[in-house]
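> Here's my sequence, what's the structure:
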Amino acid sequence: MVYRRPMHLDQIALQLYTVREAAAVDLAATLHAVRAAGYRAVELAGLPDIAPATLAGLLAEADLRPIASHEGIVALRNDVEAVGERLTSLGIGRAIVPWMPDADRATLDDVRRFADELRGIAAVLAQRGIRLGYHNHAFEFAPIEETTVWDVLLERLAPDVDLELDVYWAALAGRDPVALIDELGGRVRSLHMKDMSAGSDPLDAPAGEGVLAFPEIVAAGRAAGVEWYIAEQDHARAPLDDIARAYRYLASLAS
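Below is the predicted model of the structure:
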């Protein structure tokens, strides 16, 4: 049974990749700025190389809960146990694969092998109580041998591999995020909530400042049992200001 509830403030998180440049200069100050913007939870990515114990301390000092971490497929292939040990030490229960290398999507057979590989990785992480997920970009929706990477992933991924739907990238690929969430149902556990600017060359923008229908996206997420609504921008123009505006907008949609 899918667990349904409205989006609450404690379901809003920030993908720290958004503030990676500030974090590279002063991680502690950046985390405190994230908390001051209103966020209580974060997804890890783009951080400086830092010992897990040190990072855990900085997160605790900033009163931020790490709810997931983006983990590249290369690191998972090289030593999935090491990744699992690090996430366990940080108290993180979800690892998200953020990208599929070109070589893994050259043919349909490559995509199938990649999906099957994620099955094996998910099984290893599950022994530590960590769930595996996959995060989309736009390329998954492009045609490949009369289908798409996305459709192959949906067919081949194990049911316990979660999907983190990035609504901006899906929309940029010409897909309706609301329809995708409805189709995925309980498979989508988190949403990347970055907006898309208007115009012929749309850029990412803070949630609520572009053309995407976020009230409808939140409603679809609620029906699907989405757990986390994660603000993110790949190319924020003023990252700390942008994340504050995104939080205020998302908070206005919470109940």
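> Centre of the chain to stretch 92-110, how far?
What separates the centre of stretch 92-110 from the centre of its chain is 14 Å, taken as Cα atoms, centre = their mean, to the nearest Å.
> Please list the outside residues in contact with that stretch.
43-45, 66-74, 76, 83-84, 87, 111, 113-114, 118, 125, 129-135, 137, 139-140, 144-145, 147, 149, 152, 162, 164, 189-190 (Cβ atoms under 8 Å, 6 or more residues apart in numbering). Where C-beta positions appear, they are placed from N, C-alpha and C, glycine not excepted.
> If we use 6 Å, what do you get?
By Cβ atoms under 6 Å, 6 or more residues apart in numbering, the residues outside stretch 92-110 that reach it are 66, 68-71, 73, 111, 114, 130-135, 145, 149, 164.
> Stretch 115-130 now?
76, 80, 84, 87-88, 93, 95, 132, 153, 156-158, 160-161.
> could you flag which of the residues you listed are buried?
For the contacts of stretch 115-130, a neighbour count by 16 or more other Cβ atoms under 10 Å gives the buried set as 76, 80, 84, 87, 93, 95, 132, 153, 156, 157, 161.
> Looking at those residues, which are in helices?
76, 80, 84, 87, 153, 156 (DSSP state H).
> of all the contacts of stretch 115-130, which comes closest to residue 17?
For the contacts of stretch 115-130, the minimum distance to residue 17 (Cβ to Cβ) is 14.8 Å, reached by residue 95.
> for the chain, what spans make up the helices?
Under DSSP H, the chain gives helices at 20-25, 27-36, 52-61, 73-90, 108-126, 149-156, 167-172, 177-184, 214-224, 239-253.
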